[in-house]
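Build me a model from this:
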Amino acid sequence: MDTPRSADRTPYRLDPAGGCPHAANARLLAESAVAPVLLPGGVRGTAVLGHDALREFLAHPDVAKDAHHFEALRAGEIPDGWPLRTFATVQGMTTADGDDHRRLRSLVSKAFTARRVEQLRPRIAALTASLLDGLEAAASDGSVVDLRRHFALPLPLGVICELLGVDAAYRDRLHHLSNQVVATDIGPKEATAANREMVEVLGAVVATRRERPGDDLTSALIAARDENGDRLGPHELIGTLMLTVVAGHETTLNLITNAVRALCAHRDQLALVRSGGASWSDVVEETLRWDSPVSYFPFRYPTRDLTLDGTLIPRGTPVLAGYSAAGRDPRAHGADADRFDVTRRARHLSLGHGAHYCLGAPLARAESVTALELLFTRFPGLDLAVPDAELPRHASFVGNSVRELPVRLHG
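As a prediction, this is how the structure comes out:
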C-alpha cells in the first residue's frame, strides 16, 4: 500500500494581496491535486486543487463546515482580527452541517425560490438597459469608462439589494464592507471594524423590515419557519444576510467582469456567439470553468485524518476549495484546459457541489446571461482600453478578478 504524502511538506504561501492565480495553480497541480498552504498569519492549511479531488472532497461524509472542527481556532491560536476568521465563524448555512444546515437551507430556500428569480428577470433586463444608457452617456465623447464600476457592480448589487429589501442608502457601504470581508490583505483592526460595521448595517436593515415588512427576502426570512416551527435565530439571520449580500453580488460581479475580459481577448469566440454558434449561457459556463470568480474559498475541515489523492490532510485542518485551479485541471478538461472555448460544454465546480451547492446559482446565471447579451448587442465593438495583463488584480486570494475594467464601448 502506498504511503500518503505528508501535508507537512513545504507549504505554498498564498499571497494575501491576491493576483492572478493560474500560473501558481498550474505549478501546484503538476505536483499534486492537494497542496499544503500557508495562510495569513502563518496559519497552516490545505488547498484542494484538482477537479476530481475537489468534487470528492466537497461531498465527503467526513468533511465538515462547522468551525467547531477547526483545531487551531478551538485551541485559541486564531486572533479575532484574522482576515479569514469571518469565513469560519459567521453563523449561517456556510458554517453549518447536517440537520442544522438542512434547517437553515430550508428556511432560506422558501424565501429564495426559483419562482422569485423568474419574477426578477424583467427587472434584471430593465436595470441592465438603464445601466447601458448610463455607460453610453458617460462615453459619449469616446472616453474610457470603467465597466466594472458602472455596469458589472451595480447590476448584481442592485438586484440583490432589491431582493433583500435593502434601502439604496446602504448599498455603496455594503459593497465596500463586502470587499473588506473577502479581502485577505488587510490588518486585524480593519478586519474587525469591517465585520462590526457590516453587522450594524444589516441589523439596521432587519430593524426596518421588522417595522415595515415588504415583499422581499429579508422580510420573508424574518417570518419564515421550518416544519417544526423554528425561525432563524438573530445571529443566524444576520449571518445569512451577510452571506447573501457578499456572495449575491461579489461572485456575479467577478463573473461578468471575467466574461467580458475573456470575450475581448478571444474575439473569435465572441463572433461565434453573435453568429448563433454558441449561446450566452455557454459563455457564462465556460467563464465559470476557465476563470472562476472565486479562487480559493474557505473553509471545510476533515473530521478525521483524511487521505485525498494520495495526500494526508490531518483532522481539523482548514481546507480551501481551489475552484480556479479545478477549472483548468488538465486531468479533467484535457491538455487544452487553459484555452477559452465556449463550445466546450465542460463540467465545472465553480458554484460548488454537494449539500452546499450555491443556492443563488440560478440568479447569478440569469444576471450574467442578460448582462452579456445586452452589453455586446448594444456595443459589439466594445474592447479593453488597457491590456488585460496590466489590469490591477483583486486584493484577495478568495475572489478572482480585477479591480477595474477600463473599456472603450466602440473599440
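
quick one: contacts for residue 262?
Under the criterion of CB atoms under 8 Å, 6 or more residues apart in numbering, the contact list for residue 262 reads 269, 283, 286, 287, 290, 291, 340. Bear in mind the C-beta positions are built from the backbone N, C-alpha and C, glycine included.

helices or strands up against the one helix or strand the first one maps to?
Right, residue 269. Per DSSP states H and E: residue 269 is located in helix 267-274. In terms of contacts (3 or more CB pairs under 8 Å, 6 or more residues apart in numbering; DSSP states H and E), helix 267-274 is packed against helix 234-265, helix 280-290, helix 361-378.

Can you show me the CA trace of the shortest one as PDB?
If I follow you right, that is helix 280-290. The C-alpha coordinates for helix 280-290 follow below in PDB (Å, rounded to 0.1, in the frame of the first residue of the first chain):
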ATOM      1  CA  TRP A 280     -24.600  33.400 -23.900                       C
ATOM      2  CA  SER A 281     -25.200  30.700 -21.400                       C
ATOM      3  CA  ASP A 282     -22.300  28.800 -22.900                       C
ATOM      4  CA  VAL A 283     -20.100  31.900 -22.300                       C
ATOM      5  CA  VAL A 284     -21.200  32.000 -18.700                       C
ATOM      6  CA  GLU A 285     -20.400  28.300 -18.100                       C
ATOM      7  CA  GLU A 286     -17.000  28.500 -19.800                       C
ATOM      8  CA  THR A 287     -16.100  31.600 -17.900                       C
ATOM      9  CA  LEU A 288     -17.100  29.800 -14.600                       C
ATOM     10  CA  ARG A 289     -14.700  27.000 -15.600                       C
ATOM     11  CA  TRP A 290     -11.900  28.900 -17.200                       C
END
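
strands paired with the next helix or strand after it, and their directions?
Next along the chain after helix 280-290, taking DSSP H and E as the criterion, comes strand 296-302. Note on strand 296-302: by DSSP bridges, its sheet partners are strand 63-64 (antiparallel), strand 319-322 (antiparallel).

Turn those into CSV, including mean pLDDT and distance to residue 163.
Output for these, formatted as CSV (pLDDT from 0 to 100; distance: least, CB to CB, whole Å):
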stretch, mean pLDDT, distance to residue 163
strand 63-64, 98, 29
strand 319-322, 98, 25
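
which residues sit in contact with residue 147?
135, 257, 260, 382, 405, 406, 407.

Looking at pLDDT only, which of those scores worst?
Among the contacts of residue 147, residue 135 carries the weakest pLDDT, at 92.

My read is that that residue contacts residue 409, right?
Yes: Residue 135 is within contact range of residue 409, at 6.4 Å (criterion: CB atoms under 8 Å).
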